[in-house]
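Colleague: Requesting a structural model of the entry that follows:
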Amino acid sequence: MKLNTQHLTQLAPEVQLPRYAIADTRQGIAHIGVGGFHRAHQAYYTDALMSTGSDLDWSICGVGLRAEDRKARDDLAGQDYLFTLYELGDSDDTEVRVIGSISDMLLAEDSAQALIDKLASPQIRIVSLTITEGGYCIDDSNGEFMAHLPQIQYDLAHPDTPTTVFGFICAALTQRRAAGTPAFTVMSCDNLPHNGAVTRKALLAFAALHNADLHDWIKANVSFPNAMVDRITPMTSTAHRLQLHDKHGIDDAWPVVCEPFVQWVLEDNFVNGRPAWEKVGVQFTDDVSPYEEMKIGLLNGSHLALTYLGFLKGYRFVHETMNDPLFVAYMRAYMDLDVTPNLAPVPGIDLTDYKQSLVQRFSNQAIADQLERVCSDGSSKFPKFTVPTINRLIADGRETERAALVVAAWALYLKGVDENGVSYKIPDPRAEFCQGLVADEALISQRLLGVEEIFGTAIPNSPGFVAAFERCYVSLRDKGVAETLERMLAEID
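Modeller: You can find the predicted model right below:
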């Protein structure tokens, strides 16, 4: 059955439907970067809230700034912006749910002004973002906004036809300010530390270069709540689409597949109203920091610890690494010995239980989470997910061997050939630059670790860490992943 509003009532009985009239909803959120994670997380929570019969004025207008967003828009538009959330676990208790909280999607390349007008309209009270870790144009080595980037310079020179998130938000806020329309909240849902503070810093830096008065108005009137977001959401495959069709009779051009687990911890800092997401499980707090540090260090850090080693070994899915006892033992050691001692107590969370839940979640074979997805954008992920742990280990004079193995695995992964001789592409916007860093075997330590925007200054200036990195790299290259892990785990025992 083709998914659309006309066919909703004809879907199989196990398919959960929106418990509200979609025609009765009104847009209150514009979301930039409509992908799998947004649809499995923010759109899911908003749909659940509207299904309680309240907050129907918080429907989402999707926004695409990239040319490749056109297919996503066309797929969604072809089914009245409905999509299926296909929740897959290792039991038979999977959920199939049609989500109706997205009601439109605008593309920047169709009309920059139409998009600016939408963001400037009074009904839009939150502009949310999933633009990837690298989309904030912050130099990780010094925390400064990279104003020199060509796309930023273009937007500063062409404020009426912007191309970046900063250009569009500033153009819309300029119109709102001129019209006397209250500002909106800018809410990052990206997976990076202090995401609200990072968004604020980047937007204010852009605004200062664009218009000093606008900068001051944004500083005084726009809020940027921090958030911790969590749900493993693999890339939807053809196999997923066929499984949804064959088992549940839904023909969906762009379903989203996710794990059963979902969490959103959100700072209650909104200047122009917000949905009552707490009614459907969102945790509001004054301080997100303990939750995000836990999640980024343990979940994201462990993901990186597994993914490059797994890819080198020849695995292609996260659950395959978890079927290998060596990988599970290494992950547990990394979490327990290297990350956990750095974490402050997390209100309401038992870290032992949380770490066990990660082992179970990573072992979920049903969602078939691709290692390629987790491997992607390593040059942006390392500074946020792994480097802080390494810096703390160095500062405390603690063992760095396990953490060095994560970096060494990435270095060898950048060679583009796994242990079985299979070649692969590096999914990173800076792939060519990163591969150049490992082209000369004799200079890998110096050139790779010396990239300050990735590894900072403490790592290349730590003789102990550099030596550990070199030992791990040589072991992976000459002995392979399994023997390297066996040796490392034996030394712990």
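Colleague: Only C-alpha atoms from now on, for both contacts and neighbour counts.
Modeller: Noted.
Colleague: Now do the contacts for the most centrally placed residue in the chain.
Modeller: Closest to where the C-alpha atoms of the chain average out (C-alpha atoms, centre = their mean) is Asn191, at 4.2 Å. Applying C-alpha atoms under 8 Å, 6 or more residues apart in numbering, we find Asn191 in contact with Thr132, Glu133, Met228, Val229, Ile296.
Colleague: count of residues packed around His31?
Modeller: 28 (other C-alpha atoms under 10 Å).
Colleague: Can you tell me what sits against the helix or strand hosting it?
Modeller: According to DSSP states H and E, His31 maps onto strand 27-32. With contact meaning C-alpha under 8 Å, 6+ apart, strand 27-32 is reached by 57-65, 103, 119, 123-131, 165.
Colleague: Please narrow those residues to those residing in strands.
Modeller: Ser59, Ile60, Cys61, Gly62, Val63, Gly64, Ser103, Ile126, Val127, Ser128, Leu129 (DSSP state E).
Colleague: Check these against Gln79 and report the nearest one.
Modeller: Nearest to Gln79 among those: Ser103, at 10.7 Å, using C-alpha to C-alpha.
Colleague: if I look at that closest one, how far off is Gly134?
Modeller: In this view, Ser103 and Gly134 are 28 Å apart by C-alpha to C-alpha, to the nearest Å.
Colleague: cool, Thr236 as well?
Modeller: On the measure of C-alpha to C-alpha, Thr236 and Gly134 end up 22 Å apart.
Colleague: likewise Met228?
Modeller: 17 Å.
Colleague: again, but for Gly167
Modeller: Relative to Gly134, and taking C-alpha to C-alpha, Gly167 is found at 16 Å.
Colleague: Compare the two (neighbour count), which wins?
Modeller: A count of neighbours by other C-alpha under 10 Å puts Gly167 above the other of Gly167 and Gly134, at 25 against 16.
Colleague: How about that one: what's its closest non-neighbour residue?
Modeller: Leaving out its chain neighbours, the residue that sits closest to Gly167 by C-alpha to C-alpha, 6 or more residues apart in numbering is Asp155, at 5.6 Å.
Colleague: Likewise for Arg316?
Modeller: Leu371 (5.3 Å).
Colleague: Met105 now?
Modeller: Closest to Met105 by C-alpha to C-alpha, 6+ apart is Gly62, at 4.1 Å.
Colleague: how many neighbours does that neighbour have?
Modeller: What Gly62 shows, counting by other C-alpha under 10 Å, is a neighbour count of 23.
Colleague: And the pLDDT at it?
Modeller: Per-residue confidence at Gly62 stands at 98 (pLDDT).
Colleague: Of the contacts of Asn191 - the most surrounded one?
Modeller: Going by other C-alpha under 10 Å, Met228 tops those with 27 neighbours.
Colleague: Give me the mean pLDDT for the strand or helix carrying it.
Modeller: In the assignment (DSSP H and E), Met228 maps to strand 227-230. Mean pLDDT, computed over strand 227-230, is 97.
Colleague: ditto for stretch 310-318
Modeller: Rounded mean pLDDT across stretch 310-318 is 98.
Colleague: end to end, how far does it reach?
Modeller: 8 Å.
Colleague: Give me the distance between it and the centre of its chain.
Modeller: Remark: stretch 310-318 is offset 21 Å from the chain centroid, using C-alpha atoms, centre = their mean, to the nearest Å.
Colleague: ok, which stretches of the stretch 1-150 of the chain are helices?
Modeller: 36-40, 42-50, 69-77, 112-120, 150-157 (DSSP state H, counting those that start in this stretch).
Colleague: okay, now Trp217: neighbour count?
Modeller: 16.
Colleague: In which helix or strand does it reside?
Modeller: Counting by DSSP H and E, Trp217 is part of helix 212-221.
Colleague: before we move on, what about Phe469?
Modeller: Going by DSSP H and E, Phe469 is part of helix 463-479.
Colleague: In the helix or strand following that helix, which residues are buried?
Modeller: Heading C-terminal from helix 463-479, the first helix or strand you meet, by DSSP H and E, is helix 481-492. Of all the residues in helix 481-492, those buried under the rule 16 or more other C-alpha atoms under 10 Å are Val481, Ala482, Thr484, Leu485, Met488.
Colleague: helices and strands around helix 481-492, which ones?
Modeller: Counting contacts by 3 or more C-alpha pairs under 8 Å, 6 or more residues apart in numbering; DSSP states H and E, helix 481-492 packs against helix 301-313, helix 325-333, helix 463-479.
Colleague: Tabulate these in CSV, adding columns for mean neighbour count.
Modeller: Converted to CSV, the helices and strands packed on helix 481-492 look like this (neighbours: other C-alpha atoms under 10 Å):
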stretch, mean neighbour count
helix 301-313, 25
helix 325-333, 17
helix 463-479, 18
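Colleague: Tell me which of those sits nearest to Lys425.
Modeller: helix 301-313 (11.7 Å).
Colleague: do you know how far Arg176 is from Gly64?
Modeller: 21 Å.
Colleague: swap that for Ser128, please
Modeller: Counting by C-alpha to C-alpha - Ser128 and Gly64 are separated by 12 Å.
Colleague: ok, now Leu306?
Modeller: 32 Å.
Colleague: Ok, Lys201 next?
Modeller: Distance from Lys201 to Gly64, by C-alpha to C-alpha: 23 Å.
Colleague: Pick out whichever of these two has more residues nearby.
Modeller: The residue with more neighbours, out of Lys201 and Gly64, is Gly64; 23 against 19, by other C-alpha under 10 Å.
Colleague: from what I can see that one touches Asp74, true?
Modeller: No. Applying C-alpha atoms under 8 Å, one finds Gly64 not in contact with Asp74, separated by 11.4 Å.
Colleague: circling back to that earlier point, quick one: mean pLDDT over the helix holding Phe469.
Modeller: 98.
Colleague: quick one, it and helix 481-492 angle?
Modeller: Here the directions of helix 463-479 and helix 481-492 differ by 140 degrees (axes from the mean of the first three to the mean of the last three C-alpha atoms, to 10 degrees).
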